[in-house]
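Undergrad: Structure here, sequence nowhere to be found:
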């Protein structure tokens, strides 16, 4: 990537993180960061967000057929229990 | 109690490794250190430390680590196959630029592992499936990625993908050897494959918690050593220029 392209990308990211749309944790209301969120060719591009988020359709208290919202949530920190693996016995019992 | 094996991954020349070992010996028993050397064969031969293994693997020697899917698979396999003394029950894996800062480092790690009832401790451990994590998205584009977890998992949800910084991870020997014994079906990045595989093999992973702030990906924190010590750090990463 050329120097010019790198500089333009850095500027774009800095701009997105300073004046982009607020990205809010839909579960807690906490501000996660800022980014440009742009619909593009049937997708939504998220530019400049400095956090790992999961997009989800948000639950609705009032059922509306004309509008649904996509929001962002964070995974909970990993806290899975130890799980014993089923033993693969080399000689299974005869039936 | 069986001791901890402290594995240090380095690619540096013998003089730098000597300086690194002198520092490490203040924090862990000298006989517990195993060097995993990914540099040149000549550098490896010149290192005056008996417990060492040479890692000859292009998947380790990547330049653009993320896009080339750098792997520590060969490091894990060589360490698991190493049969020197001592006979150990846990493995602490650190990169050369990860500085230990306390004299009882292994005891603290063992205490945290016990407190968390965990099999693996990692820095910046997080769940990344279905997120915008770039490493996850790059893997998700490969159909075999999801298939692999479905085949190996003993968990109810095969879709869970975890990520952690590879350096500083602390393992029970069983968890480490189980991961070492499972080859990557296709190239997977070092921050994704070991933690996700350990999870799907049934092992419990936990983050280092407050210690995580002393470990980050980029930079050189040489000037922060004193501050980190005063702030209660057990280790500091990355400190790249300490050994020359």
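TA: Now that the structure is in, tell me what you want to look at. Computed from a prediction, not measured in an experiment: that's the story for all the values here.

Undergrad: Spell out which parts of chain A neighbour chain B.
TA: Counting by C-beta under 8 Å from any C-beta of the partner chain, chain A comes close to chain B at A:46, A:49, A:52-54, A:75-86. From N, CA and C alone the C-beta is placed, and that goes for glycine too.

Undergrad: show me the contacts for residue B:15.
TA: The contact partners of residue B:15, by C-beta atoms under 8 Å, 6 or more residues apart in numbering or on different chains, come to residue B:244.

Undergrad: Then residue B:175?
TA: Applying C-beta under 8 Å, 6+ apart, the residues near residue B:175 are B:119, B:120, B:198, B:201, B:203.

Undergrad: of all these, which two lie farthest apart?
TA: Spanning the widest gap among those are B:120 and B:201, at 10.4 Å by C-beta to C-beta.

Undergrad: what about the helices in chain B?
TA: Along chain B, counting by DSSP state H, helices occupy B:14-24, B:41-46, B:73-81, B:105-115, B:134-140, B:143-152, B:173-180, B:193-200, B:225-230.

Undergrad: would CSV of the ones you listed with mean pLDDT be doable?
TA: As requested, the helices of chain B are exported to CSV (pLDDT from 0 to 100):
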stretch, mean pLDDT
helix B:14-24, 93
helix B:41-46, 90
helix B:73-81, 92
helix B:105-115, 97
helix B:134-140, 94
helix B:143-152, 94
helix B:173-180, 95
helix B:193-200, 97
helix B:225-230, 93
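
Undergrad: Which among the ones you listed is found nearest to residue B:57?
TA: Taking C-beta to C-beta, helix B:73-81 is the member of these nearest to residue B:57, at 3.8 Å.

Undergrad: Mind listing residues that contact that closest one?
TA: Helix B:73-81 has contacts (C-beta under 8 Å, 6+ apart) with B:5, B:7, B:9, B:34, B:36, B:38, B:53-57, B:59-60, B:91, B:93, B:176-177, B:179-181, B:183-184, B:193-194.

Undergrad: Show me just the buried residues among those.
TA: If you count burial by 16 or more other C-beta atoms under 10 Å in any protein chain shown, the buried members of those come out as B:5, B:7, B:9, B:34, B:36, B:38, B:53-55, B:57, B:59-60, B:91, B:93, B:176-177, B:179-180, B:193-194.

Undergrad: So which residues on chain B come close to chain A?
TA: So chain B meets chain A at B:117-119, B:125-133, B:154-155, B:160, B:162, B:199, B:201-207 (C-beta under 8 Å from any C-beta).

Undergrad: Quick check: pLDDT value at the residue lying closest to residue B:211 once chain neighbours are set aside.
TA: Computed as C-beta to C-beta, 6 or more residues apart in numbering or on different chains, the closest residue to residue B:211 that is not its neighbour in sequence is residue B:234, at 5.6 Å. On pLDDT, residue B:234 comes in at 97.

Undergrad: where's residue B:234 relative to chain A, distance?
TA: Remark: distance between residue B:234 and chain A (C-beta to the nearest C-beta, to the nearest Å) = 19 Å.

Undergrad: quick one: contacts for that residue?
TA: Going by C-beta under 8 Å, 6+ apart, residue B:234 touches B:100, B:101, B:102, B:105, B:108, B:109, B:211, B:214.

Undergrad: which pair in those spans the largest distance?
TA: Greatest spatial distance in the contacts of residue B:234: B:109 and B:214, 13.7 Å, computed using C-beta to C-beta.
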